[in-house]
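Student: Okay, here's the prediction I keep looking at, along with the sequence it came from:
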Amino acid sequence: MIPSRLIILLDELAGDEGRPLTPGPYRIAAGGTQTAGATTGTVQGRVLQALGPLKEATAEQFRQANTRSLAIARTETSFLDNRAKYLMHLTARDRGEMLSHEWVASSLQSPPTGRTRASHVQADGQVVPIGQSFSVGSANLLHPGDKSTGALGEFINCRCSLRGRRLQRDLQDGLIDQETFDRLEFGEDPA
């Protein structure tokens, strides 16, 4: 036998004061008792019913956590990859091997996904001297994934990349003249 006080307590915990736990249309008087068989199944059903939204909310939280962790991993990987390229380009510039680099939007990489921000598509193909910033949206970024400006909308989930340009290409595109190219090509000081 289950004391009616326990049934009342379970009702209160479930937040349904005034509605009986048992399937009947009656409420047990304060001094009465209820058999365990009739109440146990009803309590289990109510508990499972109450846990349903909690289960769904927990599953949604795990989905959100998974999405967030993927975004963080993608953001950090892009930052590290492009930062390493940027530092290599600085070294190449100091050795006179390279003077500029180019922003490559992820929309033009293989396979295209259609998820690239409009500002990154507009920045695609932008060439700047090594050490200067790319103009991307309203931010000035040293490389894709650059977090130094704090422009969250430009670096979170960025999948763009940085590509170095060789002196021959800079000469062909008119970014350097033949005299500068010859000096650099023959190992003379680029200044």
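Tutor: Great, that's in hand. No experiment lies behind these values; they were computed from the predicted model shown.

Student: and stretch 93-106, how far apart are its ends?
Tutor: This stretch, stretch 93-106, spans 25 Å end to end (Cα to Cα, to the nearest Å).

Student: wait, I meant stretch 163-180
Tutor: Note: stretch 163-180 ends 21 Å apart using Cα to Cα.

Student: where are the low-confidence patches of this protein?
Tutor: 1-48, 107-113, 181-191 (pLDDT under 70).

Student: what's the single longest helix in it?
Tutor: helix 36-94 (DSSP state H).

Student: Who are the packing partners of that one?
Tutor: Packing contacts for helix 36-94, counted by 3 or more Cβ pairs under 8 Å, 6 or more residues apart in numbering; DSSP states H and E, involve helix 4-14, strand 98-104, helix 152-155, strand 161-166. All C-beta atoms are positioned from the backbone trio N, CA, C, and that covers glycine.

Student: Show me which residues of the last one are buried.
Tutor: Neighbour counts over strand 161-166 (16 or more other Cβ atoms under 10 Å) mark 161, 162, 164, 165 as buried.

Student: Against residue 76, how distant is residue 63?
Tutor: 21 Å (Cβ to Cβ, to the nearest Å).

Student: Let me have the buried residues of strand 161-166 in JSON lines, extended by distance to residue 69.
Tutor: Below are those laid out as JSON lines (distance: Cβ to Cβ, whole Å):
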{"residue": "161", "distance to residue 69": "22"}
{"residue": "162", "distance to residue 69": "25"}
{"residue": "164", "distance to residue 69": "31"}
{"residue": "165", "distance to residue 69": "35"}
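
Student: what secondary structure does residue 159 sit in?
Tutor: Put simply, residue 159 is coil when judged by DSSP: H, G, I helix; E, B strand; the rest coil.

Student: Contact partners for the nearest residue to it once chain neighbours are set aside?
Tutor: What sits nearest to residue 159 in space, not counting adjacent residues and going by Cβ to Cβ, 6 or more residues apart in numbering, is residue 106, at 3.7 Å. Listed by Cβ atoms under 8 Å, 6 or more residues apart in numbering, the contact set of residue 106 reads 113, 115, 116, 120, 158, 159, 160, 161.

Student: List the residues that contact the second one.
Tutor: When contacts are counted by Cβ under 8 Å, 6+ apart, residue 115 touches 106, 159.

Student: gap between it and residue 151?
Tutor: Counting by Cβ to Cβ, the gap from residue 115 to residue 151 is 18 Å.

Student: Kindly report the same for the last one.
Tutor: Computed with Cβ to Cβ, the distance linking residue 161 and residue 151 is 18 Å.
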